[in-house]
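Engineer: Generate coordinates for the sequence data below:
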Amino acid sequence: MADAANRKKIIDALLTLLADQPIERVGLGDIANTAGVSLADLRGEFSSVMSILAAHMKEIDRQVLASDTSDMTDEP
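Structural biologist: Below you'll find the model as predicted:
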């Protein structure tokens, strides 16, 4: 299973690849190569490209929810 550093590298690699091509053209092998991890390590942590994207979205949610939102108290 991938450790936290590899997990971040995998997510970052997906985002890098998505800057240049649509998600439909990005494969797990491409992500593993870009991240510098083995395909086995990647597959140990994520089952699909979409699961990597979902992990990225969850991390964004965690960061937003953990941040100071006191300036938004008047927002609907």
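
Engineer: contacts and neighbour counts: CA atoms only from here.
Structural biologist: Will do.

Engineer: Quickly find the element holding A32.
Structural biologist: Assigned by DSSP states H and E, A32 falls within helix 28-35.

Engineer: what angle do the least confident helix or strand in the chain by mean pLDDT and helix 28-35 make?
Structural biologist: Ranked by mean pLDDT, DSSP states H and E, the helix or strand of the chain with the weakest confidence is helix 49-66, at a mean of 93. Angle of helix 49-66 versus helix 28-35, following axes from the mean of the first three to the mean of the last three CA atoms, to 10 degrees, is 50 degrees.

Engineer: Number the chain from 566, please
Structural biologist: In the new numbering, first residue 566, that becomes helix 614-631.

Engineer: and S612, which of the three is it?
Structural biologist: S612 carries the three-state label coil when classified by DSSP: H, G, I helix; E, B strand; the rest coil.

Engineer: ok, the residue positioned nearest the centre of the chain - contacts?
Structural biologist: Relative to the mean C-alpha position of the chain, the nearest C-alpha, by CA atoms, centre = their mean, is the one of I576, at 3.0 Å. I576 makes contact with I617, L618, A620, H621, according to CA atoms under 8 Å, 6 or more residues apart in numbering.

Engineer: All set, thanks.
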